[in-house]
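1. how does the following fold in three dimensions:
(2 chains)
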Amino acid sequence: MIRFIILQNRQGKTRLAKYYIPLEESEKHKVEYEVHRLVVNRDPKFTNFVEFRNHKVIYRRYAGLFFSLCVDITDNELAYLESIHLFVEILDHFFSNVCELDLVFNFHKVYLILDEFILAGELQETSKKAIIERMGELEKQE
Amino acid sequence: MALTCPGPPSSAWSFPPLPPTRTNASPTSPPPSPSTLPPRTSSYSSLTSCARIFPLPVFMTSGKPFVRKKAIAAILRVFEQYPDAVRVCFKRVVENLETTDVGILSAVVGLFCELAVKEPRSYLPLAPEFYKILVDCRNNWILIKVLKIFAKLAPLEPRLGKRVVEPICEHMGRTGAKSLAFECMMTIVSSMSEYESAVKLAVGKVREFLLDDDPNLKYLGLQALTMVAQKHMWAVLENKELVVKALSDVDVNIKLEALRLVMSMVSEDNVMEICRILISHAQKSDPEFCNEILGYILFTCSRNFYEVICDFDWYVAFLGEMARIPHCQKGKEIETQLIDIGMRVKDARLELVDVARSLVIDPALLGNPFVHGVLAAAAWVSGEYVALSRNPFELVEALLQPRTSLLTPSVRSVYIQSAFKALIFCIWSYGKLNGDDASDPSALTELVAKCHLEGNSETVACESLSDTEVDNANMVIAGGQMSSASSRKYHLTKESLEGLVNLVGTNLGPLAGSDEVEIQERASNVLGFIELMKPELYGHLGHTEGNGMKGKLEASEVVKLMFDVFSEELGPVSLSAQEKVPLPDGLVLKENLSDLEAICSDVKFPLSTSFSLVHSQIMEKDTASSPECKEESGPSTESTSLLAEHRKRHGLYYLPSENKGTTFNDFPPAHEPKDKTIDEAEDLAKLTEESLIIKKKQNQVKPRPVVVKLDDGEGLNVAVEKSKVKTDLISGAVREVLLGNEATTSSSRSKSSNKSSKRREVDRIPESGNDIVNTAISERSNVGSGRRKHQTHLSSGKEKEQHDHKGKQKRDSRHHKHKSRQRADGAMNIPVQSPVIPDFLL
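-> The predicted structure follows:
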């Protein structure tokens, strides 16, 4: 199960955070801070998986953004690494060459995409095409 | 449709009101509520009431696939909050396992994955469906989830494992996706490790991962290898070089995994080699990893009373080496182990004393605060087993060197005490030497032998040894000890002894005025002793005549006394030792002390409910009555109630026992009744006997020395907490649905039917419901005979209930006895004594 997904830049500012477990506001800040610290100092040659409390954080760096996913200990890391990549691909396709500013100014759309992608802590849809179509439909409603 | 649901105040989640634009969209748009709400339904807080209101099951029968998908995805959370929902929707969910739509299938499988993790047994009946998905599906994500499910199910059902292994191996070999390969690997090594060929394939894959450059794959390969290591050590040994190579990898995670793996490889044969390699790594690496290595080594070597160690001499020297590593922060553990080995392993004491000596003598170590613990242990060991040391004089010198002022007071006090012990030993041995005929070599060897023995055991027991034993011991030990004996003999001269005493006096003199209490006290003790000794010593050294005789006797008495004190052997104490102590006569433990009444009479103890009445009475009487009256008025109630209060306040129990909690009046018996007193004596004898075992060392093949360990646990982690198995409501409900105990009417009906079905669950099992389950499951299996088996399963399930004496539904099942017989046409009447789980996959 996915516990949370956080997007942060190198300075530690959180661009997107979605939690699938109940946490207080202060706890959320703490978590974001800790994850950032864990992830930002790691060498690119290191593995993409770190232990965090008694879960795992799977992260990947894309340009200036760190995409961090916190999952249970028993989960398959490679699969979630792939899912991060899939998410980035979807964002890329949707925003046409996405950059951090796109995410900042269109955060509501990013959350929509995320909600299509992950539901209740599980991967909901793994087909890029399906998600893009769905987003197209939702856009039409606006 | 805006839903705000009450939730626990801590959570901030609630349903936000929907933007009106969405709900009033054009008629051609899909039903708005499910498509836009479910993302926000994934919150724990508000589901209980919402789940009842929100007609999720309706959405599951909806025509649009994505609606179904979202409903299924959300339903897990609903199940968690509201397990009864299972009965309503579960069949719908199961139906979706058949679906062709990948999205829905993915959601359903994900749902079962989560559920199976918590309570796999309930989902065994669904194994055929999962198997079908495993074989047919081409979507890697789904396959990964199905594999997870099988990883949980396979251990429960061996036949399942057998069937599933082949497709898994096929997938593993065929797939290009590393994630899928990894998942297959993990599934095989974790839950199907009996199938050798599969494991071999998996290990092959692990090797591939380890050889890959990608650090992720290396890390995962090491993790998988760790899992294999538990049962198939050969796999790890095969890849030994790769693992050792990974020890020097850049990434910390990889290094740690490699370290863990290396430690799991440790066995009696290779422990020395592995430790050597690891130490060299530790010296090269950063402090953190260095300490990790040391920690692991210490832990593994000391596990289960040092079971991997054969050569304690080497290990003791190794401990000393570890203490000297610059970044070492494991001083506490090393200290504990040094002392522990000293107590338990007699044969290692010689080497131990040597190592301790080298640690104590080294002035450089005194400046290093991390090593102080180890130094304290070294000093203690040197003092305790001073009889084995080569040169006690040098030892005393080292223990009292001026640089010891750098030590912390507690460590320093150990130093002083050890110096005292060594001093006593020197004086005593000199006294013995001069007391006997010094020119008689046999007396000397006997002296040496006795020193060795007496240093290791109680003097009482030693004297009870037969002469032959002493002679034997002489021959064996004296031979080995000749060199030290000669050196000792060499040093034990009047001048050297005088010098020693002077040295001690000079060094400890200033300490007698020290600020630290322990140091001051111990220094004063030693100085006082020396003062007592000095006149007789010097006088004795000069003459052996009558005048000095009396004084000499006094001095030697004192020395002998002190020597006896220090020759008592310290060893490990078992938890039940206190219980074995026999209660002396005349000691009454059941009654309260009479003085206690007077002292505690006006102290108000917290009232306990059971004793409140008695207690309040006592409190009233207290001021007036005398102690005797109180005792008369029932020592059992008053004194025990007061004692009980006292105990509650301080949580003290005098003797450990099992039936503590039963009554307050009955104290647990301090010892077993009379017929068992003999046993205790025997136990005590056994205890001392154990400590007297002398193992003879042979030169060629060194047998492993005896490690004293007490059987009834020594305060190690004996208590095992039983994990309470919570009745999983969800799985209970699922089991009921799947095994046809209760069926609901089709869930598309209203809530009222839900309620009534709930009420009916204990009463009746309507046939229609069973049929649905029946057909639902029988549709799944493509094999014709499966249908019969399913029916027989259901009927046998019912018949099992019939035979189940304790079943609540006994009445009900009898009620259905006829029905089930009617329905199971052609089904065999399987006599069921024990629950038979039919093989669905056959």
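
2. going by C-alpha atoms from here, please, whenever you check contacts or count neighbours.
-> Fine.

3. quick one: residues contacting A:Ile90.
-> Shown in contact with A:Ile90 (C-alpha atoms under 8 Å, 6 or more residues apart in numbering or on different chains): A:128, A:131-132.

4. just say helix, strand or coil for it.
-> Using DSSP: H, G, I helix; E, B strand; the rest coil as the criterion, the local structure at A:Ile90 reads helix.

5. ok, now how distant is it from chain B?
-> Per C-alpha to the nearest C-alpha, to the nearest Å, A:Ile90 is found 17 Å from chain B.

6. how about the residues of chain A near chain B?
-> Residues of chain A lying near chain B by C-alpha under 8 Å from any C-alpha of the partner chain: A:1, A:20-24, A:45-50, A:76-79, A:115-116, A:119-120, A:122-126, A:141.

7. by neighbours, which of the contacts of A:Ile90 wins?
-> A:Ile131 (19 neighbours; other C-alpha atoms under 10 Å in any protein chain shown).

8. element containing that one, please.
-> In this assignment (DSSP states H and E), A:Ile131 forms part of helix A:128-141.

9. what lies in contact with that helix?
-> For helix A:128-141, the surrounding residues in contact (C-alpha under 8 Å, 6+ apart) are A:86, A:90, A:94, A:112-113, A:116-117, A:125, B:22, B:25.

10. buried stuff in it?
-> By neighbour count on 16 or more other C-alpha atoms under 10 Å in any protein chain shown, the buried set for helix A:128-141 is A:128, A:131-132, A:135, A:138.

11. let me know the average pLDDT across that helix.
-> For helix A:128-141, mean pLDDT is 86.

12. what is the burial count for the residue nearest to B:Pro705 when sequence neighbours are not counted?
-> Residue nearest to B:Pro705 in three dimensions, not counting chain neighbours: B:Asp347, with 6.2 Å by C-alpha to C-alpha, 6 or more residues apart in numbering or on different chains. Neighbour count of B:Asp347, defined by other C-alpha under 10 Å: 20.

13. for the one 5 residues further on, same thing?
-> Neighbouring residues of B:Leu352 were enumerated by other C-alpha under 10 Å; the total is 31.

14. with the one 10 residues further on instead?
-> Using other C-alpha under 10 Å as the criterion, B:Asp362 is surrounded by 10 other residues.

15. got phi/psi on it?
-> Main-chain dihedrals, B:Asp362, degrees, to the nearest 10: phi -70, psi 110.

16. show the pLDDT at it.
-> For B:Asp362, the model assigns a pLDDT of 87.

17. next one: B:Pro27
-> Confidence score, pLDDT, at B:Pro27: 38.

18. how about the one 10 residues further on?
-> Per-residue pLDDT puts B:Leu37 at 43.

19. circling back to that earlier point, am I right that the residue nearest to B:Pro705 sits in a helix?
-> Yes: counting by three-state DSSP, B:Asp347 falls inside a helix.

20. and it, how far is that from B:Leu395?
-> To B:Leu395, B:Asp347 is 21 Å away according to C-alpha to C-alpha, to the nearest Å.

21. ok so, going back, need the contacts of helix A:128-141 in CSV (columns: secondary structure and distance to B:Ala202).
-> What follows is the contacts of helix A:128-141, written out as CSV (DSSP: H, G, I helix; E, B strand; the rest coil; distance: C-alpha to C-alpha, whole Å):
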residue, secondary structure, distance to B:Ala202
A:Leu86, helix, 28
A:Ile90, helix, 34
A:Phe94, helix, 40
A:Leu112, helix, 40
A:Ile113, helix, 37
A:Glu116, helix, 35
A:Phe117, helix, 32
A:Glu125, coil, 30
B:Arg22, helix, 52
B:Ala25, coil, 54
